[in-house]
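Enquirer: the sequence and its predicted three-dimensional model are supplied below.
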Amino acid sequence: MSAPLTPSQTVGPFFGVGLPFEKGEQVAPPGSAGVIRIEGQVLDGNGEPVPDALLEIWKPDERGRYRTVADGKEMGFGRCRTDAEGAFSFITVKPGATPAPDGRPQAPHLNVTVFARGLLRHVVTRMYFPDEQEANATDPVLNLVDAARRETLIAKSCGGVLHFDVRLQGERETVFFAI
């Protein structure tokens, strides 16, 4: 006798209850030197907003160092849920370049994790900065991505705000990394 298969489960939706935390989108206090605003939408395969996704960002400081709680300073971690339009935003400071495992410099970037209903597992991507063309051109991770798809990882500058959409499927799907 064999047991029936257990049905698979998706990642949500349960984000609105316990995961967001007060001012989680403020990685750096407003008014800090070099503060930037990043905003965008999470979109499904039909281009429709995903109203109950959760995004986390993790970044190093301006010198390219990842901080810990023990450092007693900004950790570089933020969390934001999407609204009814699938929109999210973060207030942060641009990170510095970090070394790749082989020692080559990586372009400044944010590590982005997305949790959303319908996903069996979270997805991981990066957001690169549009004013770092030279660093982006030599970034060892970005150069692993097909040239035609790299634009899905580079934010767009829009009147003093960086805009970065996350497309979960379909045309112009964001590149996600298997980690």
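Expert: Looks like it arrived, so ask away.
Enquirer: buried residues, stretch 162-179. List them.
Expert: Using 16 or more other Cβ atoms under 10 Å as the test for burial, stretch 162-179 gives 162, 164-168, 174-176. C-beta here means a position set from N, CA and C on the backbone, and glycine is covered the same way.
Enquirer: which residues sit against that stretch?
Expert: The contact list for stretch 162-179, computed with Cβ atoms under 8 Å, 6 or more residues apart in numbering, reads 36-47, 50, 53, 55, 112, 114, 116, 118-119, 123-127, 129-130, 141, 145, 149-150, 152-153, 155-157.
Enquirer: kindly supply the PyMOL command isolating those of these that are buried.
Expert: A single PyMOL command is used to select the members of the contacts of stretch 162-179 judged buried by 16+ other Cβ under 10 Å:
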select buried, resi 36+38+39+40+41+42+43+44+50+53+55+112+114+116+123+125+126+127+129+145+150+152+153+155
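Enquirer: check this protein for its longest helix and report it.
Expert: The longest helix of the chain (DSSP state H) is helix 133-138.
Enquirer: CA atoms of that helix as CSV?
Expert: Extracted in CSV, the C-alpha atoms of helix 133-138 (Å, rounded to 0.1, in the frame of the first residue of the first chain):
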residue,chain,number,x,y,z
GLN,A,133,28.1,51.6,-17.3
GLU,A,134,31.8,50.9,-17.1
ALA,A,135,31.5,48.7,-13.9
ASN,A,136,28.4,47.0,-15.3
ALA,A,137,30.3,46.1,-18.5
THR,A,138,33.0,44.2,-16.5
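Enquirer: taking the mean pLDDT, what do you get for that helix?
Expert: Mean pLDDT, helix 133-138: 97.
Enquirer: and it, what other elements does it pack with?
Expert: The criterion is 3 or more Cβ pairs under 8 Å, 6 or more residues apart in numbering; DSSP states H and E, and there are no helices or strands that helix 133-138 contacts.
Enquirer: what is the end-to-end distance of stretch 109-124?
Expert: End-to-end distance of stretch 109-124 (Cα to Cα, to the nearest Å): 13 Å.
Enquirer: repeat for stretch 112-129
Expert: End-to-end for stretch 112-129, by Cα to Cα: 13 Å.
Enquirer: and the longest helix of the chain, what's buried?
Expert: For helix 133-138, the neighbour count (16+ other Cβ under 10 Å) marks 135-136 as buried.
Enquirer: doesn't residue 148 fall inside a helix?
Expert: Yes - Residue 148: assigned to a helix according to DSSP: H, G, I helix; E, B strand; the rest coil.
Enquirer: perfect, I'm done here.
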